[in-house]
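Engineer: Provided below are the primary sequence and the corresponding predicted coordinates.
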Amino acid sequence: MTNRPRRQRRWRCVARVASAALAAALTLNAALGPVYAEVTGRHAVLVIDANTGRVLHERSADEERFPASLVKLMTLYMIFELIEAGRLTYHTKIRFSAKAAGAAPSKLGVEPGTEIDLIDAIKALITKSANDVAVALAEHVAGSEQRFAQMMTRKARQIGMKSTEFRNASGLPDDDQVTTARDMISLALRLHDEFPKHYPLFATRTFSWSGDTFKNHNTLLFNYKGIDGLKTGYIRASGFNVVASVRRGKKHVIAAYFGGTSAALRNAAVRAHLDAALGKASETRTRRRAAPPVAQDKDETAVADVPVPKPAPRVIAAPKVEARSPPATKETEGSNGAAKAPVSEGAFHVQIGAFKTLEEAERRLASVRELAGSVLARHAPLTAEVRRGETVLYRARYGGFAAKAPAAVVCTALKRLSVECVVMKAE
C-alpha cells in the first residue's frame, strides 16, 4: 500500500507525456497533411492549381536542379511549335545519323540511316524517353544538337524560364544543364495552353514500333486517377524527377518534383502532394492562357515573382547514395538550432516489416525514413532479430514512443503513404 502514491504519480507522469506526444503528433499531422515526402535539402517541389495559377505547395522551387529527361519537354515544345508554324507535320520523316543512333540508352535502338515518322518520334520521346530520337530531332531541326540546345535556351527565356540552361535535347548528363521546379511548371503550363491538339499525346500509355511495344515510364498514368501526363526523368546526379498533371472533375493540378531516391518513392511523394493539392484546388478557371502562376494568399509564392538565385559557383544538391546502415541520427533542428537525435527508448514501437536479412531490414528503414522523414524525425530506427525454429527474421521498427496513442498516430500517417505498419510493445 505504501507504494501506491508513487505508482499513481508515475502513471500520471506517463499519461502527461503520452498526452503531450499525441498532441504534438496531431499538430504535425494537421500541419503537414499527407505531404511528408521531402525530407532533405536535395528535394525540390512545386505544386500549383492550374485553374487559378495559385501555388499550393513548394519547397526549394527556385533552386537549380539537373532536369534529366524533363529536358524532352522543351524538345517537344520546340517540335510542336514548328508543327503549328507549318514547318513540320506528323508525317515528316526523321532520319537517324550515326551520332543519333549511337546515343546512350534509353533509346529506340535503330540503325544509322533509319527514318521514322515524326509522330512516332514524338511518342517514343513521351513513352520510352528515347535519347537517340531526341538527338535525331535536334539534328533535323537545327543541323546539330548543340545548336538546337541553344535554340531551346533562347526559347526558355522567351517563355519566362529564367533559370534554365539547355546543353542537349535528351537530358543526358551535363553539369551546365540545369532548371528549377518553377521553370518546369511554367513549361508544363505552356505546353498545355499553347498546344491543345498535341498535349493529349502526353497521356500515351504505350507505343508500338517495329514489332516492339514500350510502356510509358510515367507509371502514374496507370495507377493514379486523372493523370494526363507529362514526363519523368532520371540521371544519377538528379535522382528521380517528374512533372505530373492531374484532372479530377473541374479541378486541374500540376506538380514538379525533383530528387527522389527511387521511382517508387518519387511516385508516393507526388501522389501525396497531388492528393493534398486537389483538396484545395478551385473548380473555376481564372488563370489567363499561358500566364505564369500568381499567389493569392500571403503565405503562398507566385511562380513568376520570386527572385531567382544565381549561385556562383554553381552547386547542385545530388541524391545521396543509400547506405547499408540506417540513416544518421542528426536529422532535425530544434528551435535553438541544435540538432536533436532520434529517440529509441519508449514503451512502444512502430514496426514496418520483418525481413530475411539484416540488410533488407536496414534498407527498408532507410527508404521509409526517406519517404516520411518529417513524421519519423524524432524516432530512431531499430532492428531486432527473432528466431522461429530454424528461421531467422529481422524486425524493422521505429522506437521512441512513450505510449500507444502517439505510435498509432504515426502508423496512421505512414499508412497514408502506403507504408504498412503495426504498433508493437517494446521488448
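Structural biologist: Cool, got the structure.
Engineer: Find the residue closest to K215 in space, skipping its chain neighbours.
Structural biologist: T206 (5.5 Å; C-beta to C-beta, 6 or more residues apart in numbering). Bear in mind the C-beta positions are built from the backbone N, C-alpha and C, glycine included.
Engineer: The one you found reaches D212, doesn't it?
Structural biologist: No. Counting by C-beta atoms under 8 Å, T206 stays clear of D212, with 10.4 Å between them.
Engineer: Using PDB, write down the CA coordinates of the host helix or strand of F222.
Structural biologist: According to DSSP states H and E, F222 maps onto helix 220-223. Written as PDB, here are the backbone C-alpha positions of helix 220-223 (Å, rounded to 0.1, in the frame of the first residue of the first chain):
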ATOM      1  CA  LEU A 220       1.400   7.300 -62.600                       C
ATOM      2  CA  LEU A 221      -0.600   7.100 -65.800                       C
ATOM      3  CA  PHE A 222      -1.600   3.600 -64.900                       C
ATOM      4  CA  ASN A 223      -2.400   3.900 -61.200                       C
END
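Engineer: and the nearest residue to A142 once chain neighbours are set aside, how many neighbours?
Structural biologist: Closest residue in space to A142, ignoring its immediate chain neighbours: F148 at 3.8 Å, by C-beta to C-beta, 6+ apart. F148 has 23 neighbours, counted by other C-beta atoms under 10 Å.
Engineer: Given the next helix or strand after the helix holding F222, what are its sheet partners and their directions?
Structural biologist: Later in the chain than helix 220-223, the nearest helix or strand by DSSP H and E is strand 227-235. If you go by DSSP bridges, strand 227-235 pairs up with strand 239-248 (antiparallel).
Engineer: Strand partners (parallel or antiparallel) of the helix or strand just after the strand it pairs with?
Structural biologist: Next along the chain after strand 239-248, taking DSSP H and E as the criterion, comes strand 251-260. Take DSSP bridges as the rule and strand 251-260 pairs in its sheet with strand 44-49 (antiparallel), strand 239-248 (antiparallel).
Engineer: mind listing what's buried in the helix holding F222?
Structural biologist: For helix 220-223, the neighbour count (16 or more other C-beta atoms under 10 Å) marks L220, L221 as buried.
Engineer: Now do that helix: which elements does it pack against?
Structural biologist: Under the contact criterion of 3 or more C-beta pairs under 8 Å, 6 or more residues apart in numbering; DSSP states H and E, helix 220-223 touches strand 227-235, helix 263-280.
Engineer: got the contact list for that helix?
Structural biologist: The contact list for helix 220-223 (C-beta atoms under 8 Å, 6 or more residues apart in numbering) reads A203, R205, N216, I227, G229, V242, A244, N267, V270, R271.
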